[in-house]
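Undergrad: Structure of the sequence below:
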Amino acid sequence: MPEPGDVVITRVKFTDSDNSKIRPALILFEELGNVIIAGITTNTRMSGIRISKSDGAAQDSVIKLNYIFTITNEAIIKTVFQLSSEKRNLVFDELTKKFSVLKYS
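TA: Below is the predicted model:
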């Protein structure tokens, strides 16, 4: 069962076809078999939270908090590593900033 903060390898379906690809992703949370994830890219020019080999990544990468979607538990192939509490806090803080626009004043 995935845990928040796990970096996993998962099968991600294309939105416009039945094809899929294998990608790394960060588990944000799981509820009732639905797993909310943030995509991870090795394109370090993209914005997001950087992770490196010292964090456990295979190569320098970026957690893309603008690329969040839902998968099922069955789509997860394996867990690679767990983010440090420092990186988890960065994810939380950045997501809080992004979702603060929903707050009604």
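Undergrad: From Thr41, how far off is Gln59?
TA: Distance of Gln59 to Thr41, given as Cβ to Cβ, to the nearest Å: 11 Å. Where you see a C-beta, it was placed from the backbone N, CA and C, and this is true even at glycine.
Undergrad: neighbour-wise, which of the two wins?
TA: Ranked by neighbour count (other Cβ atoms under 10 Å), Gln59 and Thr41 place Thr41 first, with 15 against 9.
Undergrad: Tell me what that one is bridged to.
TA: Beta-bridge partners for Thr41, by DSSP bridges, are Val62.
Undergrad: so what's the nearest residue to Arg50 once chain neighbours are set aside up against?
TA: Leaving out its chain neighbours, the residue that sits closest to Arg50 by Cβ to Cβ, 6 or more residues apart in numbering is Val62, at 5.7 Å. If a contact means Cβ atoms under 8 Å, 6 or more residues apart in numbering, then Val62 has 40-44, 46-51 as its contacts.
Undergrad: same thing but 10 Å
TA: If you count contacts by Cβ atoms under 10 Å, 6 or more residues apart in numbering, Val62 has them with 39-51.
Undergrad: Now the residues you listed in TSV, please, with extra columns for distance to Lys98.
TA: Shown next, in TSV, are the contacts of Val62 (distance: Cβ to Cβ, whole Å):
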residue	distance to Lys98
Gly39	15
Ile40	17
Thr41	17
Thr42	22
Asn43	20
Thr44	20
Arg45	20
Met46	15
Ser47	12
Gly48	11
Ile49	12
Arg50	17
Ile51	18
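Undergrad: can you pick the most crowded of those?
TA: When neighbours are counted by other Cβ under 10 Å, Ile51 leads the contacts of Val62 with 24 neighbours.
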